[in-house]
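**Q** Sequence first, predicted model second:
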Amino acid sequence: MKTSKKNGFLTFCLSLMPGAAHMYMGFMKMGLSLMSLFFIAIAIGNMLRFSVMALVSILVWVYSFFQANNLSSLADEDFAKVEDKFIFESEPLLSKNFTAEKGRKYFGIGLIVLGTILIWNISMNMFIPRMLRLLPNFPMDIFWRIRDLIPQLVAGIIVIGIGTKILRGKTKTLPGEEEEKLNGE
């Protein structure tokens, strides 16, 4: 679909839904990535009962709203120069100061922090207060709580495991790699 400036009022109305105005103007990749990011943040937040994801979805909404309205207000020549790209393309990430090793390290640390927060939310909000009260129906109450929170607990453990694996990097070397390292290549 060829990008073109459209009706300003309709663009404004569609910009209330992340990515919809971008798609309306012909920026399908931008619109799809913004809409996907918005709905994935909401789904993860609801599924894992992780309220910080609400902040992520709000930030995506604000960014999408203002970017769509800024795009529609561009002059025709400038509008024609805008490329339809996915939001997270790798070109800006590959500057000389940001290496793949640093990116892997930061991503791994972020996953470990996210998993720790998920597990912390479970323990501080659900288990510890229940254990302290020791109600007569304590075992059944804990059983139902655990049943409801197992997805969040499992997600937290998986996220920490993935983050740790990413931080460790590759552990196996290929047959010719050790000889190259010894020779200084």
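**A** Arrived safely, thanks for sending.
**Q** alpha carbons only for contacts and neighbour counts from here, please
**A** Noted.
**Q** what residue ranges in this protein score low on pLDDT?
**A** Along the chain, segments meeting pLDDT under 70 span 1-5, 89-100, 123-148, 170-185.
**Q** For it, which segments count as helices?
**A** All helices of the chain, identified by DSSP state H, fall at 8-14, 20-24, 28-48, 52-72, 76-81, 100-122, 128-133, 138-168, 177-183.
**Q** for stretch 36-49, which positions count as buried?
**A** Leu37, Phe38, Ala41, Ile42, Ala43, Gly45, Leu48, Arg49 (16 or more other CA atoms under 10 Å).
**Q** These into CSV, with extra columns for distance to Gly26?
**A** Listed next are the buried residues of stretch 36-49 as CSV, based on distance: CA to CA, whole Å:
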residue, distance to Gly26
Leu37, 18
Phe38, 19
Ala41, 24
Ile42, 25
Ala43, 26
Gly45, 30
Leu48, 34
Arg49, 35
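**Q** so which of those residues comes closest to Phe88?
**A** Closest approach to Phe88 among these (CA to CA): Leu37, at 10.4 Å.
**Q** Now do the same contact list for that closest one.
**A** Contact analysis of Leu37 by CA atoms under 8 Å, 6 or more residues apart in numbering lists Ser57, Val60.
**Q** gap between it and Phe66?
**A** Here the distance between Leu37 and Phe66 works out to 16 Å (CA to CA, to the nearest Å).
**Q** Could you double-check that Leu32 sits in contact with Gly19?
**A** Yes: using CA atoms under 8 Å, Leu32 is in contact with Gly19, at 6.1 Å.
**Q** Looking at those two, which one has more neighbours?
**A** Gly19 (29 against 18; other CA atoms under 10 Å).
**Q** Now that one, what are its backbone angles?
**A** Here is the backbone geometry of Gly19 (degrees, to the nearest 10): phi 90, psi -20.
**Q** One more: Met17?
**A** phi -110, psi 120.
**Q** who touches it in this structure?
**A** The contact partners of Met17, by CA under 8 Å, 6+ apart, come to Met35, Trp61, Phe65.
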